[in-house]
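Engineer: predicted model follows, preceded by the sequence.
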Amino acid sequence: MPNPAPPSRPVQVAASRARGPGMAEERRGSWFGFGFCGFGQAPGSGRGRQVLSPEPLQTPGSGADVRRVSASWSYTALVTRGGQVRLSGAARGAAGGCRDAWASEALLVVLRAGPGRGAGPELQAWAPASAMRGEPLWARALGPEAEAEGAARGEPPAGALPLLPLLPGARAYVSPRPPFCRALAPELRARRLELGAEHALLLDEAGQVFSWGQGRHGQLGHGSLEAEPEPRLLEALQGLPVAEVAAGGWHSVCVSETGDIYIWGWNESGQLALPSRSLAEDTKTIPREASGLNEDGSEVRRTAKGEDGAPAPFIAIQPFPALLDLPLGADVVKASCGSRHTAVVTGTGELYTWGWGKYGQLGHKDTTSLDRPCRVEYFVDKQLQVRAVSCGPWNTYVYAVEKEGS
């Protein structure tokens, strides 16, 4: 019989708060999770398949100062400030000496400290079921220059976006499919890379966005459904400095430096916050439809009858970036995508979610799917300010701190 697991504790981390010139006071923050937990991954207890509203993240043992969360479908990887990676769900186990982790169903990729003094970090890929015991599937030494880059970056704040799958030095990235390590052209000067189910997004140091991979759902944003074998500049966003990118299963999001959000790709579950036929079907019978294209190339399906008697449009595919306005004109600072849902953090620390909600991954206390942004009231009610969001395919993880004066 396996040994009983040590008691779980809420995951808390420290966030800095200005206390005076040149000084800082530590303020406690916490991670929360909601959505699919059918394999017992955090925040689930194994007694159910879903968590419908945010719950404090639990992790085995004490002293778990979690800095990052990377979620795959069946398991979740937590990276602590002390350099541990802890797994929960279908994959379990822990390992030390880790700086970063990236979870996928095929591979668990970790960035670990080098084996000796002066050695650079080592990239390791493990079978998730191995619990990081024995030997990795493959390993690659990254060299002392990667060590220097890590030192220059310093300790990232809690909730900071992981570097992986982009490798230190920004000259290559990790893929869950062979070849597992793929080179990037040096002229791309990448600062962030996101992988969807069949496509990739790259944000360069100049704030430009590149995309490549399969495009059959419009997820590349080039106005067609064609594949792109190599990174291609997203011309529709040229001249617009971008601060964040996020890749869903088959949709894409970017956030401009001024806080605007642009979104494109597949809208099957309302993940683009555009009218979705499948969501309308959940509430009423949809009459026979005709399809066509908008002037911007988006695929439109029109039913025979709408509320005013005119054909009602549903957007199935949006192959160009579309500007999305949040309620009250809120500015966005962070974005993350699940397989078919989207989550964003505003400049005032509020969380909005929309798209597929079957497992509670939208955090609205139900399993309803939405084709419009909706604020997650839990954090407002608890006087919490959201700082970061990280979506798994069917779940969502959020880092939040107490509001000033609360």
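Structural biologist: Perfect, thanks for sending it. Residues are numbered from 1 along each chain as shown.
Engineer: do you have the strands of the stretch 51-200 of the chain handy? List them.
Structural biologist: For the stretch 51-200 of the chain, strands defined by DSSP state E, counting those that start in this stretch occupy the ranges 58-60, 66-71, 75-80, 85-89, 93-95, 98-103, 108-112, 122-126, 138-141, 172-174, 181-183, 190-195, 199-204.
Engineer: among the ones you listed, which comes closest to Gln385?
Structural biologist: strand 66-71 (17.7 Å; CB to CB). Bear in mind the C-beta positions are built from the backbone N, C-alpha and C, glycine included.
Engineer: helices or strands up against the closest one?
Structural biologist: Contact here means 3 or more CB pairs under 8 Å, 6 or more residues apart in numbering; DSSP states H and E; on that basis strand 66-71 packs against strand 75-80, strand 98-103, strand 384-391, strand 395-402.
Engineer: how about these in a markdown table, adding mean pLDDT?
Structural biologist: Output for the helices and strands packed on strand 66-71, formatted as a markdown table (pLDDT from 0 to 100):
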| stretch | mean pLDDT |
| --- | --- |
| strand 75-80 | 94 |
| strand 98-103 | 94 |
| strand 384-391 | 96 |
| strand 395-402 | 96 |
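Engineer: same list (those) but as JSON lines, adding mean neighbour count.
Structural biologist: JSON lines is the format used below for those (neighbours: other CB atoms under 10 Å):
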{"stretch": "strand 75-80", "mean neighbour count": "26"}
{"stretch": "strand 98-103", "mean neighbour count": "25"}
{"stretch": "strand 384-391", "mean neighbour count": "23"}
{"stretch": "strand 395-402", "mean neighbour count": "26"}
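Engineer: to Ile315, which of those strands lies closest?
Structural biologist: Of all these, strand 384-391 comes closest under CB to CB, at 21.3 Å.
Engineer: hmm, Tyr173 is touching Leu184, no?
Structural biologist: Yes - using CB atoms under 8 Å, Tyr173 is in contact with Leu184, at 6.5 Å.
Engineer: pull up the overlap in contacts between the two.
Structural biologist: Ala190 (CB atoms under 8 Å, 6 or more residues apart in numbering).
Engineer: re the thing from before, any idea which of the strands of the stretch 51-200 of the chain scores lowest on pLDDT?
Structural biologist: When those are ranked by mean pLDDT, strand 58-60 comes last with a mean of 63.
Engineer: can you tell me which residues contact the closest residue to Glu55 other than its chain neighbours?
Structural biologist: Leaving aside its sequence neighbours, Glu55 sits nearest to Pro43 (CB to CB, 6 or more residues apart in numbering; 4.5 Å). For Pro43, the contacting residues are 32-34, 37, 51, 55-58, by CB under 8 Å, 6+ apart.
Engineer: and Pro43, what's its pLDDT?
Structural biologist: 83.
Engineer: if you tally nearby residues, what's the number for Ala236?
Structural biologist: By the criterion of other CB atoms under 10 Å, Ala236 has 17 neighbours.
Engineer: check the secondary structure at it for me.
Structural biologist: Here Ala236 is recorded as helix under DSSP: H, G, I helix; E, B strand; the rest coil.
Engineer: show me what the spatially closest residue to His251 that is not a sequence neighbour is bridged to.
Structural biologist: Spatial nearest neighbour of His251, excluding adjacent residues (CB to CB, 6+ apart): Gly265 at 3.2 Å. Taking DSSP bridges as the rule, Gly265 bridges to His251, Gln318.
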